[in-house]
Every structure is written in C-alpha cells, then in structure tokens.
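[1] sequence plus predicted model, see below.
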Amino acid sequence: MDLAYLAKNVASAERARLRLLRSGFTISGHKIWSSDEDKICQIFYPDYFALCQILDTRSKKAIQTRCQRLGLVPARQSWQWAARQQLRKLYPAAHRDEICEAFPGVEWKKIQSAARYYGYRRTKKPYKITGILSLDQSRRRCYDIKWTMRDLDEEAGTKRYFQTRGYRSDYPNYKAIGRAAIVLGGRLEVRWNEDS
C-alpha cells in the first residue's frame, strides 16, 4: 500500500474534523454536543424528564446515548455465548455470591432473569429433616423422584397433611405416613431392638 495514499486519507480526515468544529454540526446534520450540555447531563442524570425539558433540542434517545458515552449509565452485561456458558455451569448449584462475583456489576435479579430467559434452573434443595424417621424417608423419596408435597397429598389422599406441615404436631399422623409409603412404593413397618 502506498504511503502517499494513507497520508492523503489522514489529511482528508483532519479537514473533515476541522469542518465539523467550525460548523458545529456533524456530517449527517446533527448538532455537536457541547461541554455545557455534558455538564447538564452529569447533573440531572438519571432524571430523563428534566433532561428532556432542559435540552429541548435533543431527543430522549440522543440524551440516553450521550449519558452512556459519558459513562453515567452502567454498562449492560452482554449475554454472548461465553457468558451464557459460564452462567449455565454456575447457576444450578453455585452459591449466589459466587455467581455475582463471576458477573461483576450485574444485579442478582438481572442474573436470575437472564437464567430464566435461557432456561437455566437452580437445583432444588432437599426437604428439611423433621426428626420423624418414617416421614423423613418419605420426604427423601419424594425428592429423589421429583415429587412435591402437593403431589404426595394428591396421590396418597391425605388432603393437605404434607403441604401444611401437619407433621409438626406433637403426634404425627402415621396413617397418612403409611399411605404415603404405599404410594411411594414402600411399606411402613416396625422393627424391634434385639437387645430388649
């Protein structure tokens, strides 16, 4: 490539810049942003209504774009392929703080909405231990086969016993627990200690 050709292009670009500064308008006919307008944007951001009233010659979109160029608006997270893959690996099992560290400057709600949009789900936590062995085993079995407590109530015909935490009463309902065990493919049995 000829150096004279490159020098010619540099000189042409410099002349265009000087013409823009002299006229105060861009090649497409838009007014160049002044330092006073930039100060107004810095003072009144994020009140776009006030900015539109003060800078009445500018459109709302132009004001938003200028605020982005000035660095007033936080940069948006780009969910390109690499970011989506990282989210897909971390989102199901990683702790919330670890996920937020992987995407600095992005709020947790925005991370959640992106995960929902792309179909990533958090792994469901196991059911809490109640201290009643037969009930805990039933709940563990429900977790393994991906049943909710509502599903268990409907299949076992126990009304709302498992949904409404009826097991928290002083005396657990072993009839309901027995029905649940049968529905889950097991049986409720008593084992005696050999020592006594």
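    Happy to help now that I have it.
[2] which residues touch residue 177?
    Shown in contact with residue 177 (Cβ atoms under 8 Å, 6 or more residues apart in numbering): 132, 134, 135, 138, 188. All C-beta atoms are positioned from the backbone trio N, CA, C, and that covers glycine.
[3] okay, buried residues for the strand or helix carrying it please.
    Per DSSP states H and E: residue 177 is located in helix 174-183. By neighbour count with 16 or more other Cβ atoms under 10 Å, helix 174-183 contains the buried residues 176, 177, 178, 179, 180, 181, 183.
[4] let me know whether the fifth one touches residue 152 as I believe.
    Yes. Counting by Cβ atoms under 8 Å, residue 180 touches residue 152, with 5.6 Å between them.
[5] how far off centre is the helix or strand containing residue 82?
    Assigned by DSSP H and E, residue 82 belongs to helix 81-90. Here helix 81-90 is found 12 Å from its chain centre; the criterion is Cα atoms, centre = their mean, to the nearest Å.
[6] output the following helix or strand past it as CSV - backbone C-alpha positions only.
    Using DSSP H and E, the next helix or strand after helix 81-90 towards the C-terminus is helix 96-102. Provided in CSV are the C-alpha atoms of helix 96-102 (Å, rounded to 0.1, in the frame of the first residue of the first chain):
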residue,chain,number,x,y,z
ARG,A,96,-25.4,-16.7,45.0
ASP,A,97,-22.2,-14.8,46.0
GLU,A,98,-20.0,-16.9,43.7
ILE,A,99,-22.4,-16.2,40.7
CYS,A,100,-22.4,-12.5,41.5
GLU,A,101,-18.6,-12.5,41.6
ALA,A,102,-18.4,-14.1,38.2
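[7] show residues contacting the helix or strand immediately after helix 96-102 in the chain.
    Using DSSP H and E, the helix or strand that directly follows helix 96-102 along the chain is helix 108-118. With contact meaning Cβ under 8 Å, 6+ apart, helix 108-118 is reached by 77, 79, 84, 87, 88, 91, 96, 99, 100, 103, 121.
[8] mind redoing it with 10 Å?
    Helix 108-118 is contacted by residues 76-77, 79, 83-84, 87-88, 90-92, 96-97, 99-100, 102-103, 106-107, 120-122 when judged by Cβ atoms under 10 Å, 6 or more residues apart in numbering.
[9] appreciated, that's everything.
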